[in-house]
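In: Fold the following for me, if possible:
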Amino acid sequence: MYNLSLLFQHFYQFNPFSPSKHTLNTDEGIIDMDIWGRMETSYLNDSTSLTHWAQNYPFTYNGYPMTSVMFPRLPTVVKWTELPKPFAESYFCDARPYSKDYGGFDAITFGNLLQILNFTPYTFRPVNEYGYQLDNGTYIGSIGDVLYSKAGFSSNGRFVQDYGTSEIEFMYPTFFDKFCIIAPKAQQIPQWLAVFRCFNPYVWTLFLVSTTILGFIWYLFKKWTCYLHKNRLITKKTDELISPLHDTIPVAIIDMWLIMTSGVPSILPYHSVERLFMTGCLLLSLTIGGTFQGSLTTSYSTKSYYADIHTLKQLDESGLPIGTSSRNLANILDSDNNPVLNSLQKKFIISSVPVIDQTAFKRDICCIERASDITVIMTTTFELADGSALLHVIEECPRSYHLAFIVRKGWPFLTRFNEIVMRFSEAGFLFLWYEQAETAIILSERIKRLKDLKDTLQAFSLEDMQTAFYILLIGLIFCTIIFFFELWLGRRKEGIRIREKTKEIGDVMCNAIKPRKVFYIN
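Out: Reported below is the predicted structural model:
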């Protein structure tokens with residue numbers, strides 16, 4: 001145990017964040033001024049208080065003025081009037097008086113920093129939001145305002161990456177996010193075609209082939225049983241003897257098709273072998289028929305779409321270009337060992353207007369957005385009244401980054417700001433604020449849509465049943481064609497038969513009236 005001796009109790013230190021009021025006499029009158037910084041005297045009674053002072057001084061900035069830059073951005077910086085009232089008045093938004101007019105993740109984080117550190121913000125909106133580097137090497141937007149000391153920091157989180165300058169620094173990361181590519185939503189399958197897509201082509205092919213084979217097997221069973229019973233079958237209704245060989249292979253296949261489509265065969269089986277075979281076919285048709293009817297009901301009651309783009313390779317094969325309005329993302333797809341990303345980079349373009357609108361409505365380009373923002377953007381802007389989306393998020397995201405506020409290099413308050421942001425992150429507040437704000441925006445938008453949504457229950461119309469009538473029409477057309485063909489063929493055969501008969505009669509008559517030779521005997 002050590003004996004500690006206190007050598008002094010009073011000491012002086014300069015506090016740059018201690019305000020004081022001063023009066024200045026001028027020709028125009030007396031002006032009250034706030035002067036920052038003064039010498040302060042502290043009194044220590046033991047070594048413990050000295051340690052406490054060293055660790056916590058200065059704790060707040062006592063209203064010290066700081067300039068910052070912020071711009072609205074859905075969903076991280078949104079006006080409080082645009083957020084749901086229950087969320088805006090909840091305990092998640094205790095820092096609302098400090099963040100002034102804006103809510104959302106970035107604004108709430110900024111408000112809590114302001115509440116704890118007690119500084120006076122002078123916030124203005126940049127000309128070009130995030131900003132970028134011009135061809136002459138200068139920067140515009142929020143990054144330019146921070147770089148050229150117009151603002152101490154930017155309170156819009158941005159990806160931690162190289163922006164072409166070493167004169168900016170990043171605060172402790174507030175979030176982790178990914179860049180994902182958004183493609184146009186696949187087209188809706190027409191109602192008449194949705195019926196045929198209840199099963200995939202392989203199932204349809206298997207169904208057709210297996211039914212045909214079962215029909216042929218049934219024909220063989222009939223022929224075999226008839227051979228065993230001397231080619232005679234006795235029906236249950238009458239004692240009439242019917243020859244089973246009168247049934248041909250096409251007739252047996254048609255009967256099997258009737259069974260598989262929940263119909264009944266033309267002749268019921270008589271022998272045990274046929275009955276067992278028919279029982280298995282009926283069970284199979286029951287399963288297939290139930291599955292088909294359920295899928296058919298689903299196709300009528302829900303919308304079906306063609307296959308979406310799910311991988312970067314499929315996107316590359318589609319040939320769609322990728323666009324963005326942010327010049328900072330110009331080389332986001334560059335890769336040294338990934339040929340797919342290199343191929344996509346060649347299709348990357350910089351647009352002067354937001355690309356996401358063109359992606360949703362013109363469907364001729366893809367765009368890049370943050371993965372955490374996509375759900376909110378799609379729900380609030382690019383979702384129809386019935387809930388169907390206009391956009392589709394590709395599952396493979398090419399890049400992942402941390403997000404953080406930026407400050408100019410050498411900013412003297414960075415250490416204290418980093419400490420507070422780190423505490424927010426370790427306590428889970430940052431993730432909580434983001435999730436709550438995003439969920440509130442999504443639920444509010446969907447509630448509004450449900451209020452405006454009309455009753456979707458309606459009776460089936462002719463448009464819904466058009467497929468059945470199309471099939472009937474096609475069948476009638478084929479039947480008509482075959483009928484006239486058989487009629488023509490029958491008349492042709494009848495004409496040939498009549499001509500042959502006429503010729504035969506003519507030959508007989510000619511032979512009958514042919515003059516006979518007379519022989520005279522002398």
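In: Distance check, the closest residue to P86 other than its chain neighbours against R499.
Out: In this structure, P86 finds its nearest non-sequential neighbour in A440, 7.6 Å apart by Cβ to Cβ, 6 or more residues apart in numbering. (Each C-beta comes from the backbone N, C-alpha and C, glycine too.) A440 sits 91 Å away from R499, taking Cβ to Cβ, to the nearest Å as the criterion.
In: The two - which one has more neighbours?
Out: Ranked by neighbour count (other Cβ atoms under 10 Å), A440 and R499 place A440 first, with 23 against 10.
In: Go ahead and list the helix or strand containing the more buried one.
Out: Counting by DSSP states H and E, the element that carries A440 is helix 429-452.
In: which helices and strands sit right next to that helix?
Out: helix 85-88, helix 105-117, strand 175-184, helix 371-380 (3 or more Cβ pairs under 8 Å, 6 or more residues apart in numbering; DSSP states H and E).
In: For the first one, C-alpha coordinates in PDB please.
Out: Same thing as helix 85-88. The C-alpha trace of helix 85-88 is given here as PDB (Å, rounded to 0.1, in the frame of the first residue of the first chain):
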ATOM      1  CA  LYS A  85     -46.800  10.900 -35.500                       C
ATOM      2  CA  PRO A  86     -46.700   7.900 -33.000                       C
ATOM      3  CA  PHE A  87     -43.000   7.400 -33.900                       C
ATOM      4  CA  ALA A  88     -42.200  11.100 -33.800                       C
END
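In: Rounded mean pLDDT for the helix or strand that it is followed by, please.
Out: Heading C-terminal from helix 85-88, the first helix or strand you meet, by DSSP H and E, is helix 96-99. Summarised as a single mean, pLDDT over helix 96-99 is 78.
In: neighbouring strands for the strand or helix carrying P65, and are they parallel or not?
Out: Assigning secondary structure by DSSP H and E places P65 in strand 64-69. Sheet pairing of strand 64-69 (DSSP bridges) gives strand 119-124 (parallel), strand 153-159 (parallel).
In: tell me the most buried of these?
Out: Most buried of the strands paired with strand 64-69, by mean neighbour count (mean count of other Cβ atoms under 10 Å): strand 153-159, with a mean of 24.
In: any idea how far the residue nearest to the spatial centre of the chain lies from I374?
Out: Among the residues of the chain, H392 comes closest to the average C-alpha position under Cα atoms, centre = their mean, at 3.4 Å. Using Cβ to Cβ, H392 is found at 10 Å from I374.
In: pLDDT wise, what is the spatially closest residue to T248 that is not a sequence neighbour at?
Out: Spatial nearest neighbour of T248, chain neighbours left out: Y219 (7.7 Å); criterion: Cβ to Cβ, 6+ apart. Here, the pLDDT recorded for Y219 equals 82.
In: What of P339?
Out: So P339 comes in at 87 (pLDDT).
In: If you count contacts, what does whatever helix or strand the residue nearest to T248 lives in end up packed against?
Out: Using DSSP H and E, Y219 maps to helix 201-228. On a contact count with 3+ Cβ pairs under 8 Å, 6+ apart, helix 201-228 meets helix 249-260, helix 272-301.
In: With distance to G475, mean neighbour count and mean pLDDT as added columns, please give those in TSV.
Out: Below are the helices and strands packed on helix 201-228 laid out as TSV (distance: least, Cβ to Cβ, whole Å; neighbours: other Cβ atoms under 10 Å; pLDDT from 0 to 100):
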stretch	distance to G475	mean neighbour count	mean pLDDT
helix 249-260	13	18	80
helix 272-301	19	14	78
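In: Just put those in TSV and tack on distance to F413.
Out: As requested, those are exported to TSV (distance: least, Cβ to Cβ, whole Å):
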stretch	distance to F413
helix 249-260	78
helix 272-301	60
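In: To P72, which of these lies closest?
Out: Set against P72 and scored by Cβ to Cβ, the helices and strands packed on helix 201-228 come closest in helix 272-301, at 40.4 Å.
In: relative to helix 201-228, how tilted is that closest one?
Out: Interaxial angle of helix 272-301 relative to helix 201-228 (axes from the mean of the first three to the mean of the last three Cα atoms, to 10 degrees): 160 degrees.
In: So for the helix or strand that comes right after helix 272-301, what gets flagged as buried?
Out: Using DSSP H and E, the helix or strand that follows helix 272-301 in sequence is helix 312-318. For helix 312-318, burial by neighbour count (16 or more other Cβ atoms under 10 Å) applies to L312, L315, D316.
In: which residue packs closest to the second one, ignoring adjacent ones?
Out: Among residues not flanking L315 along the chain, I309 sits closest, at 5.2 Å (Cβ to Cβ, 6+ apart).
In: check contacts around the one you found.
Out: Residues near I309 by Cβ atoms under 8 Å, 6 or more residues apart in numbering: A183, A186, L315, S318, H392, I394.
In: Might you list the low-confidence residue ranges for the chain?
Out: Within the chain, the ranges that satisfy pLDDT under 70 run 1-15, 20-34, 36-59, 91-92, 227-247, 263-267, 452-461, 463-464, 503-522.
In: can I see the domain layout of it?
Out: For the chain, automatic domain parsing gives the domain ranges 1-59, 191-295.
In: ok so, going back, now mean neighbour count and distance to L476 too, for the helices and strands packed on helix 429-452, in a markdown table please.
Out: Below are these laid out as a markdown table (neighbours: other Cβ atoms under 10 Å; distance: least, Cβ to Cβ, whole Å):
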| stretch | mean neighbour count | distance to L476 |
| --- | --- | --- |
| helix 85-88 | 14 | 61 |
| helix 105-117 | 24 | 63 |
| strand 175-184 | 20 | 39 |
| helix 371-380 | 18 | 46 |
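In: To G152, which of those lies closest?
Out: The closest of those to G152 is helix 105-117. By Cβ to Cβ, the value is 12.1 Å.
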